[in-house]
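Enquirer: Let's see this in three dimensions:
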Amino acid sequence: IDTPPEIALKRKTESKISPYECFKTSGDFIPFQLRQRKLLLKYVENFPHVIISGMLSKEEIAEEVVKTLKKNQINP
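Expert: Predicted structure coming up:
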């Protein structure tokens, strides 16, 4: 849910879209992913959570996670 569906679709060029990633055909991948993302984000509102951009590099994501954990007084 942290990657825009349009970018996820571009990354899918090397792998097949599974039946669990679309409604009926690979052509509806983006609408399916948009709806799934909306539902998942609504669901996680009920829990303590932090959203970190998946568009960052692996190193930047790791830094953001550690920084967020420390900010929330959780020893990483």
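Enquirer: Okay, buried residues for the top helix by length along the chain please.
Expert: In the chain, taking DSSP state H as the definition, the longest helix is helix 29-44. For helix 29-44, burial by neighbour count (16 or more other C-beta atoms under 10 Å) applies to 29, 32-33, 37. For the C-beta atoms, the positions are set from N, CA and C on the backbone; glycine is no exception.
Enquirer: Packing partners of it?
Expert: Counting contacts by 3 or more C-beta pairs under 8 Å, 6 or more residues apart in numbering; DSSP states H and E, helix 29-44 is packed against helix 5-11.
Enquirer: Name the residues of the helix it packs on that come out as buried.
Expert: Buried residues in helix 5-11 (16+ other C-beta under 10 Å): 5, 8-9.
Enquirer: Would you mind writing the CA trace of that helix as CSV?
Expert: The C-alpha coordinates for helix 5-11 follow below in CSV (Å, rounded to 0.1, in the frame of the first residue of the first chain):
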residue,chain,number,x,y,z
PRO,A,5,-0.5,1.7,-8.2
GLU,A,6,0.8,3.3,-11.4
ILE,A,7,4.4,2.6,-10.2
ALA,A,8,3.5,-0.9,-9.0
LEU,A,9,2.1,-1.6,-12.5
LYS,A,10,5.3,-0.4,-14.1
ARG,A,11,7.3,-2.8,-11.8
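Enquirer: so where is the chain shaky, pLDDT-wise?
Expert: For the chain, the stretches with pLDDT under 70 are 1, 76.
Enquirer: No more questions from me, cheers.
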